[in-house]
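[1] Sequence first, predicted model second:
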Amino acid sequence: MSCITVRGCRVGEGRPKIILPIVEQTESAVLEQGQAFAGLKVDCVEFRADWFEGWRDSAALSRCLTGLRQVLGDTLLLVTLRTRAEGGEADASLEEYTTFCRRVWESGCADLLDIEFLPAGDALPGLIAEAHAHGVKVVCSSHDFAQTPSRAEMVSRLCAMQTAGADLPKLAVMPQNRRDVLALLEATAEMADLHPETPVITMSMGALGGVSRICGEAMGSAMTFACAGKASAPGQIELDVLAPILDRLALS
């Protein structure tokens, strides 16, 4: 698959890079969790700001971002405001969402910013361009917690994210049966083989989709989410279980 380099980390090369989410409500808890994660063997930490009670507060958000950047060192920092429309906790208008994104990239603390594909709508290409102008890579995401779209629809959605300028298109879907898991893996392989302009991140959620979180190197998903305590989505595997499996399944 193709590869991008972020803070020296080559995403899309070798085994999938592991992301650990922080899902805490208070500033002290966010920074405490960041400090704990800094001592673990992970590639990226995701600050799920929609869980943070102060995400609308510019000063509180700035303190969290600055604190996380300091404790994480060279570990990548992904910042995400997941809206309720995409399965998250934030009730945010497009204006509030855009303001949040601008505060993140203007902070200079984030390496990666998650921008939601469908809620952003026509504003998506402009938001991605602004993030790039501030040196921030964009994970463009789409989530379906109810079902798994057709393989063709999943590929089309990921390609549209590429066209909009995303560095890492991301798709998370919920399987209803084994065929749904296979459809997600087929879509992932198709992206890697036929649309390799960017790496992609894909997952089939829940226990049934767990296999999709461990076979990324073979099938074409560049990053995977683990948990070390609280999970941010159904089916995330504990870090101490996932990491050895990824090592064992490494292709090189």
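    Sure, I can see it.

[2] which other residues reach the lengthiest strand in the chain?
    Counting residues, the longest strand found in the chain (DSSP state E) is strand 137-144. Contacts to strand 137-144, defined as Cβ atoms under 8 Å, 6 or more residues apart in numbering, come from residues 4, 6, 78, 80, 82, 86-87, 111-118, 124, 127-128, 131-132, 157, 161, 164-174, 201. No exception for glycine: its C-beta is placed from N, CA and C like everyone else's.

[3] now stretch 27-44
    Taking Cβ under 8 Å, 6+ apart as the rule, stretch 27-44 contacts 9, 17-20, 22, 24, 45, 47, 52, 54, 60, 63-64, 67-68, 71-73, 75-78, 111-112, 223, 226, 228-229, 239, 243.

[4] Go ahead and build a ChimeraX selection from the buried members of those.
    To isolate the buried members of the contacts of stretch 27-44 in ChimeraX, using 16 or more other Cβ atoms under 10 Å:
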select :9,17,18,19,20,22,24,45,47,52,54,60,64,67,68,71,72,75,76,77,78,111,112,223,226,228,239,243
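
[5] Now go through the contacts of stretch 27-44 and say which are in strands.
    Residues of the contacts of stretch 27-44 located in strands (DSSP E): 9, 17-20, 22, 45, 47, 76-78, 112, 223, 226.

[6] Whichever of the contacts of strand 137-144 end up buried, select them in ChimeraX.
    Of those, the buried ones go into a single ChimeraX selection, burial set by 16+ other Cβ under 10 Å:
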select :4,6,78,80,82,86,87,111,112,113,114,115,116,117,124,127,128,131,157,161,164,165,166,167,168,169,170,171,172,173,174,201
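
[7] Sort out for me which of the contacts of strand 137-144 are in strands.
    4, 6, 78, 80, 112-116, 168-173, 201.

[8] quick check: longest helix of the chain.
    helix 178-194 (DSSP state H).

[9] returning to that earlier point: describe which strands the longest strand of the chain pairs with in its sheet and in which direction.
    Strand 137-144 has the following strand partners under DSSP bridges: strand 112-116 (parallel), strand 168-173 (parallel).

[10] To Leu94, which of the ones you listed lies closest?
    Distance to Leu94, taken as Cβ to Cβ, is lowest for strand 112-116 among the strands paired with strand 137-144, at 10.3 Å.

[11] circling back: now the strands paired with strand 137-144 as CSV including mean pLDDT and distance to Glu32?
    As requested, the strands paired with strand 137-144 are exported to CSV (pLDDT from 0 to 100; distance: least, Cβ to Cβ, whole Å):
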stretch, mean pLDDT, distance to Glu32
strand 112-116, 98, 22
strand 168-173, 98, 27
